[in-house]
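Participant: Quick one, fold the following:
(one chain, ligands or ions: 1)
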Amino acid sequence: MQVVGVTTQQEVYIASRERKFHINEILVIEDPALDNPRGEVVETLSYNRLIPMGLDKSLVDAQVIQTLEQIGYDIESDEVNLAKLRLYEEAPHPVRTGCPVRLPSFHEVRHLLVKASPDDGMMLGEIRGTESMANTIDEDLKDRVVIMERGELRPQRGVPFIFDIKSMQQYPHVGIFGGSGSGKSFGLRVMLEELMQLHIPTLVFDPHFEMDFRETASGLEERAPDFRDLFTSVQIGKEVGISFSDLSTRDVVALLGAAGGQLSESMVNVIQMLHRRRDNFTSFSDRVSNLVQALDEGKQGLEKQLKNPDLTPVDVQRIQDLKQLLQQYGSLPSSSVKGVHWRLQRLEKAGLFQQDIRAIERGLEQGRLVVVQGSAWVLQVFATYVIGTLYRKRREYKDAQMNGEEEHYFPPFVVVTDEAHNFAPKALESPAKAILKEIAQEGRKYGVFLFLATQRPTLLDETITAQLNTKFVFRTVRATDIATLREETDLTAEEGKRLPYLRSGDTFVSSAAYGRTIFIRIRSAYTKSPHLTNPFDELKRFSEQQDEKLLDTLLKTLPIFDTDLIQVLKQVNRECGLGWDLNRLKEELERMARSGKLTKHETPFAVRYDRGKNMKV
Ligand SMILES: Nc1ncnc2c1ncn2[C@@H]1O[C@H](COP(=O)(O)OP(=O)(O)OP(=O)(O)O)[C@@H](O)[C@H]1O
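Facilitator: Now for the predicted structure:
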């Protein structure tokens, strides 16, 4: 391998007759005057005289060909392999053309590839293009990950990619971008597995109900750590909720704002007028619903009711209370009070006020990963509240510590969410956005970090995107998203061109900590998502199970005459937990007869179903 053509301080072309270049591989140029610079292959090409097209239009120009000829290549008959090598560091003067080029040993490039010790970094995958160093790699970096490629597991061949979690203090926050099926969720799962193993308190919002770590991926049973004690899964409305009496009026405004479209000024005013400190949910929502009633009845209506001679003293008291409410707040517009009332009911129905967030605090204090599950809109409302509350706790602890005061310890933590563009959309207001923005800008001071994943980087708030110091960029096809990612990372034009073609699980890591982009393959996850069964397999299994149950029940009632199907229907519905009507039962009996599971005998008086030829005895 040797340098050919015109060189610059940043880039050189390299040619080889024997060796095909690999994209992203690292090479050393033996130019002692420049201290043997290193670089990475960013483009490759093989030229064969039998296919002589495009050479002049591609990465090589006439000068490269000329040099090749000068140094003895027979352009007309040899196959020539060419690569464009980008130097890691700009050279003070151009590289000498003709210099020999070789593969490095691991130690020559270790500092460029490994920034953390394998025991306290996140072991996320394998650096592409490092396979040639397999023999020289340090013992403690060998066999750290298993890679899944084309559906098969294989051992690690190159250098593992270790994300230095400690560098987040300096370069906080992580973004994970990629289109559908690009391996983004898979990558997120691997990151969460690593955070768990490092016992880093982590709060995950899981709108897809997929972040469960109990099932081990097949083939990895021997290596997979047991994650069961390292994570807790909580559902909004079941294990966790919002403790209403802890909310300030401002919090209530934010919360109700998240419960539907944006609040009108008049609704904000209604909340500010009606909410009192330490209100619990019942006291506040009763006040609102009583006011709705009072406004509907009006002063005259209420006075008329008071004249009713059949009223009990309790009724009278109630009407007097409504009158007083009307006197105090009668000027508030009824439609706004109703709007607030509707939102309160919506949140209550979602079970949001039945619990508190103690289970989450406990989990984080124990260094666990806490997965919060709920439907998308409830999750947004809850995320706003819970992130805000926990961030405040951590901040109070740190501020108190700075001032030498005593404060209950609250640990640093990481917030993770997929579909981040829904939580912090660009150019739109959303309740969670304010708090995410604050953490993006100031979180590192307090040890609170974000891992945000999205399919649509273009739709994510740009202040937040700019603060994500490490970006994992998976396959992306949409031109607008590629443009955004190019703007927001140090991806080169060549890398940008590769984005639509990346394999699922391959990703560029553009990190301020490395100062350049690294191309890696995410390791195989130890665990799998509970949704991984193909929905069509699930459908098939479900109908098979249902058929089996049905046959078991029918077997007990054979022979079946179509004159007494009602009895059979009752039994089938009871034993199989179904809600069929007579027609449905008839259809199913027909189907069973057609498939040979039952036999059908027709007589002039009735139809009889009996044991089928294919039926198990
Ligand atoms: N690192 C990897 N190694 C092996 N296979 C992978 C890897 N990453 C992804 N895959 C395969 O690609 C599939 C799609 O990946 P994944 O579900 O993570 O996509 P996604 O980008 O999250 O898409 P969506 O946003 O639609 O959920 C996975 O089910 C898995 O089979």
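
Participant: how about the residues of the stretch 101-250 of the chain near the ligand?
Facilitator: 148, 178, 180-186 (Cβ under 6 Å from any ligand atom). C-beta: built from backbone N, CA, C; applies to glycine.

Participant: Spell out the residue ranges of the helices in the stretch 151-300 of the chain.
Facilitator: Using DSSP state H, counting those that start in this stretch, the helices assigned to the stretch 151-300 of the chain run over residues 184-197, 249-258, 265-274, 281-306.

Participant: if we can go back for a sec, which members of the residues of the stretch 101-250 of the chain next to the ligand are classed as buried?
Facilitator: 148, 178, 182-186 (16 or more other Cβ atoms under 10 Å).

Participant: circling back to that earlier point, which of the helices of the stretch 151-300 of the chain sits most buried?
Facilitator: helix 184-197 (a mean of 22; mean count of other Cβ atoms under 10 Å).

Participant: end-to-end on stretch 575-591?
Facilitator: 20 Å (Cα to Cα, to the nearest Å).

Participant: Next up, phi/psi of the closest residue to the ligand within the stretch 401-550 of the chain, please.
Facilitator: Using Cβ to the nearest ligand atom, the closest approach of the stretch 401-550 of the chain to the ligand is made by residue 505 at 2.7 Å. Torsion angles at residue 505 (phi, psi; degrees, to the nearest 10) stand at phi 100, psi -10.

Participant: got the contact list for it?
Facilitator: Taking Cβ atoms under 8 Å, 6 or more residues apart in numbering, we find residue 505 in contact with 148, 183, 186-187, 474, 521-522.

Participant: Widest-spaced pair of those residues?
Facilitator: 148 and 474 (15.0 Å; Cβ to Cβ).

Participant: max-length strand in the protein?
Facilitator: strand 38-47 (DSSP state E).

Participant: returning to that earlier point: among the residues of the stretch 101-250 of the chain next to the ligand, which pair sits farthest apart?
Facilitator: 148 and 180 (18.9 Å).

Participant: still on that earlier bit, spatially, what comes nearest to the residue of the stretch 401-550 of the chain closest to the ligand if we skip its sequence neighbours?
Facilitator: residue 183 (4.0 Å; Cβ to Cβ, 6 or more residues apart in numbering).

Participant: Which positions in the stretch 501-617 of the chain make contact with the ligand?
Facilitator: 504-505, 522, 524.

Participant: pretty sure residue 102 contacts residue 3?
Facilitator: No. Residue 102 is beyond contact range of residue 3, at 11.6 Å (criterion: Cβ atoms under 8 Å).

Participant: the more surrounded of the two?
Facilitator: It is residue 3, of residue 102 and residue 3, that has more neighbours when counted by other Cβ atoms under 10 Å, with 24 against 13.

Participant: Let me see the contact set for the most centrally placed residue in the chain.
Facilitator: Nearest to the mean C-alpha position of the chain, by Cα atoms, centre = their mean, lies residue 418 at 2.9 Å. Going by Cβ under 8 Å, 6+ apart, residue 418 touches 184-185, 188, 205-208, 453-454.

Participant: mind running it again at 6 Å?
Facilitator: Each residue near residue 418 by Cβ atoms under 6 Å, 6 or more residues apart in numbering is listed here: residue 453.

Participant: Give me the distance between it and residue 376.
Facilitator: From residue 418 across to residue 376, the span is 11 Å (Cβ to Cβ, to the nearest Å).

Participant: Indicate which one of the helices of the stretch 151-300 of the chain is closest to residue 555.
Facilitator: Closest among the helices of the stretch 151-300 of the chain, using Cβ to Cβ: helix 184-197, at 44.5 Å.

Participant: The closest one - what's its average pLDDT?
Facilitator: What helix 184-197 shows for mean pLDDT is 96.

Participant: who's in contact with the helix or strand of the chain with the lowest mean pLDDT?
Facilitator: Taking mean pLDDT, DSSP states H and E as the measure, the helix or strand of the chain with the lowest value is helix 62-70, at a mean of 72. Residues outside helix 62-70 that contact it (Cβ under 6 Å, 6+ apart) are 4-6, 13, 15, 75.

Participant: list the helices and strands the helix or strand that it is followed by packs on?
Facilitator: Toward the C-terminal end, the helix or strand that comes next after helix 62-70 (DSSP states H and E) is strand 80-87. Under the contact criterion of 3 or more Cβ pairs under 6 Å, 6 or more residues apart in numbering; DSSP states H and E, strand 80-87 touches strand 11-16, strand 38-47.

Participant: Mind doing that once more with 10 Å?
Facilitator: Judged by 3 or more Cβ pairs under 10 Å, 6 or more residues apart in numbering; DSSP states H and E, strand 80-87 is in contact with strand 2-4, strand 11-16, strand 26-29, strand 38-47, helix 62-70.

Participant: Adding distance to residue 246, write the ones you listed out as JSON lines.
Facilitator: Shown next, in JSON lines, are the helices and strands packed on strand 80-87 (distance: least, Cβ to Cβ, whole Å):
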{"stretch": "strand 2-4", "distance to residue 246": "67"}
{"stretch": "strand 11-16", "distance to residue 246": "59"}
{"stretch": "strand 26-29", "distance to residue 246": "55"}
{"stretch": "strand 38-47", "distance to residue 246": "53"}
{"stretch": "helix 62-70", "distance to residue 246": "70"}
